[in-house]
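1. here is the input, now give the coordinates:
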Amino acid sequence: MLQKIFRLPIQEWMRDKKSKTIAIKGDFFIARKRDSDKNFSRFGVLVSAKVFKSAVKRNRIKRKIFETIRALELSQTPGKDVLISVLPVAANFPEEKLMESLPIILKQI
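-> A predicted model of the protein is given here:
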C-alpha cells in the first residue's frame with residue numbers, strides 16, 4: 001500500500017475545476033493527470049459500484065492498483081496528481097489481466 005502522503009485526496013481533487021486535466025483512456029482504466037507543486041506524485045483510485053457490487057472486490061482492486069504504483073516507484077516522480085478510474089468493462093476480466101494493462105497507462109502519464 002502507498003504511504004498516506006502519496007495518496008490523493010479525491011474529494012479535494014474533484015472540487016478543483018480550474019486546473020487543467022489531461023486524460024488518457026485505456027481498455028480498463030481512465031487516468032487523469034494534473035500538475036502539482038509538490039516534489040512527489042500523488043495517486044487516487046476510483047472504483048464505482050457499477051464495476052463491482054461488492055465492497056470487498058472494489059477494495060481489493062484498489063489495493064492491487066496502489067501496490068502496482070508502489071512497485072513501479074511512480075510516486076518518486078515530482079509534480080503530478082493522478083486519478084485512476086476503473087471502467088465497468090473491468091468486471092468481466094480477471095484481476096491479473098487488469099494489472100498487466102495498468103503499467104501501460106501509467107507510463108503514458
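2. which residue ranges of the protein form strands?
-> Using DSSP state E, the strands of the chain run over residues 22-25, 29-35, 42-46, 80-86.
3. now tabulate those strands in a markdown table and tack on distance to R7.
-> In short, each C-beta sits where N, CA and C put it, glycine included. Putting the strands of the chain into a markdown table (distance: least, CB to CB, whole Å) gives the following:
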| stretch | distance to R7 |
| --- | --- |
| strand 22-25 | 20 |
| strand 29-35 | 15 |
| strand 42-46 | 6 |
| strand 80-86 | 11 |
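4. switch those strands over to a markdown table; also include mean pLDDT and distance to K4.
-> What follows is these, written out as a markdown table (pLDDT from 0 to 100; distance: least, CB to CB, whole Å):
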| stretch | mean pLDDT | distance to K4 |
| --- | --- | --- |
| strand 22-25 | 92 | 25 |
| strand 29-35 | 92 | 19 |
| strand 42-46 | 93 | 10 |
| strand 80-86 | 93 | 15 |
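5. adding distance to I104 and mean neighbour count, write the ones you listed out as a markdown table.
-> Shown next, in a markdown table, are the strands of the chain (distance: least, CB to CB, whole Å; neighbours: other CB atoms under 10 Å):
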| stretch | distance to I104 | mean neighbour count |
| --- | --- | --- |
| strand 22-25 | 10 | 13 |
| strand 29-35 | 9 | 18 |
| strand 42-46 | 16 | 20 |
| strand 80-86 | 12 | 21 |
